[in-house]
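A.B. asks: Need coordinates for the following:
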Amino acid sequence: MTEPPTSQASPSPIIPTQVAPSHVATLLCDPSFPALADRHLSRAREVLEAAQDPVWLDKGIAADIAFAPAAAIDCRARAEKLRDAIADAQIDVIVQPLEGRRKKLLFIEMDKVLLGQNTLAEIAAVIGCAPQLAEINAKVAKGEIDYAAGLRDVFAFLQGRGTECLSQVLGKKMVMIPGARVLVETMRANGGTAALATLGFSCFAGPVADKSGITEIVANRLILENNKIAALAEPVLDPAGKQADLQRLMAAQALPASAVLAVAHDLTDLALLKDVGMGIAFRAEPAVATAAHVRIDRGDLSALLYLQGYRREDFVTEARRPLDASDWQRKYGAYEKAHERTRF
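C.D. replies: Predicted coordinates:
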């Protein structure tokens, strides 16, 4: 009599182990023109290893895709690869490790970052010295003179002039980049601090810092007497001095470089951007955008919150009146008030 075949248990299916993500790609755009779509996120996922489902930080504006590369990666190179895959110039891409993503100190430039303008260029235009400023800037860029000498040469065109040329720029020319106040207030609410650091003048930095909610200012200073520009305060703050002030702030707060987020536009700040945990080239010159850790070409200053993983509902907002001439002239008509608030 034939025995029935012995039944054998079916082998258990092999369930792949979920790899924990170590990095995140953040895609974002200009909040005033929501252009980020699911198709962009799908294209990004195709070139990321072990990518998780995208998470919207702000629908149509910013999203995260966490992923797990099999080996060490160049975050900047990976971001550029994603930009090419997405093939949409309206979208900014940032790639970074998940660990230490949120920063404790924001060190941010005034000209072309908090403000849409360069204050020295605006003053030169008002007093009719734009060609001379361009010539001085060219000498600094070529290394023929250092920054401090260049600023003293610029001051030579200002000395003895009435302060109305400053008032004209301060009251009528300045436009702030959107997102500044919410950036500062949100980081502060989450245990961070912020400093405005500029090679420009404190008579502009004071009002800009006030509008942004920043209390720490690093800037050059004009000495004003009898409604005239009398002198340039020494020592002149140059790029090396700016880096020294950053080190001072880090030491005071016992912060490592990895906890610092620095934002700039000009080539003079390139060394500083490379010395911090995240150096951001904000709508920057090509040489700066190419070399910095991160480039933001389209987003406004709220992009600095998205790249730290904040969702739109996490933003701390405060209703503020926009900049206008009457407000600035009323509050800062005596430029010394701005100087008194400057910390060196």
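A.B. asks: quick one: strands adjacent to the longest strand belonging to the chain?
C.D. replies: Ordering each strand of the chain by length in residues (DSSP state E) puts strand 193-201 first. Sheet pairing for strand 193-201, assigned by DSSP bridges, gives strand 105-108 (parallel), strand 216-220 (parallel).
A.B. asks: Dump the ones you listed to JSON lines, plus mean neighbour count.
C.D. replies: In this view, the C-beta of every residue, glycine as well, is placed from N, C-alpha and C. Converted to JSON lines, the strands paired with strand 193-201 look like this (neighbours: other Cβ atoms under 10 Å):
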{"stretch": "strand 105-108", "mean neighbour count": "25"}
{"stretch": "strand 216-220", "mean neighbour count": "24"}
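A.B. asks: between those strands, which one is nearest to Asp92?
C.D. replies: Nearest to Asp92 among the strands paired with strand 193-201 is strand 105-108 (17.4 Å), distances taken as Cβ to Cβ.
A.B. asks: coming back round to it: what does the longest strand of the chain rub up against?
C.D. replies: Identification of contacts with strand 193-201 by Cβ atoms under 8 Å, 6 or more residues apart in numbering yields 104-111, 114, 118-120, 147, 151, 183-184, 187-188, 205, 208-209, 212-214, 216-222, 237-239, 242, 245-246, 249, 253, 268.
A.B. asks: any idea how far Thr290 lies from Arg248?
C.D. replies: 29 Å (Cβ to Cβ, to the nearest Å).
A.B. asks: and Asn227, what does it touch?
C.D. replies: By Cβ under 8 Å, 6+ apart, Asn227 lies in contact with 162-164.
A.B. asks: For the residue lying closest to Leu301 once chain neighbours are set aside, grab phi and psi.
C.D. replies: Nearest non-adjacent residue to Leu301, counting by Cβ to Cβ, 6 or more residues apart in numbering: Gly179, 3.4 Å away. Main-chain torsions, Gly179, degrees, to the nearest 10: phi 100, psi -10.
A.B. asks: Gly179 touches Ala303, doesn't it?
C.D. replies: Yes. The pair Gly179 and Ala303 passes the contact test of Cβ atoms under 8 Å, sitting 7.3 Å apart.
A.B. asks: These two - which one has more neighbours?
C.D. replies: Using other Cβ atoms under 10 Å as the criterion, Gly179 and Ala303 rank with Ala303 on top: 27 against 20.
A.B. asks: what sits against that one?
C.D. replies: 28, 62, 92, 179, 296.
A.B. asks: Format those as a markdown table; extra columns: distance to Gly277.
C.D. replies: Shown next, in a markdown table, are these (distance: Cβ to Cβ, whole Å):
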| residue | distance to Gly277 |
| --- | --- |
| Leu28 | 19 |
| Ala62 | 20 |
| Asp92 | 19 |
| Gly179 | 20 |
| Ile296 | 16 |
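A.B. asks: Counting neighbours, what do you get for Gly162?
C.D. replies: By other Cβ under 10 Å, 12 other residues sit near Gly162.
A.B. asks: how near is it to Val218?
C.D. replies: Per Cβ to Cβ, Gly162 is found 27 Å from Val218.
A.B. asks: Over to Arg39?
C.D. replies: 43 Å.
A.B. asks: pLDDT below threshold where in this structure?
C.D. replies: 1-18, 318-344 (pLDDT under 70).
A.B. asks: element containing the spatially most central residue of it?
C.D. replies: In the chain, the centroid-proximal residue (Cα atoms, centre = their mean) is Val263; its distance is 3.1 Å. Using DSSP states H and E, Val263 maps to strand 260-264.
A.B. asks: Please name every helix or strand in contact with that strand.
C.D. replies: If you count contacts as 3 or more Cβ pairs under 8 Å, 6 or more residues apart in numbering; DSSP states H and E, strand 260-264 packs onto strand 105-108, helix 239-253, helix 270-274, strand 278-282.
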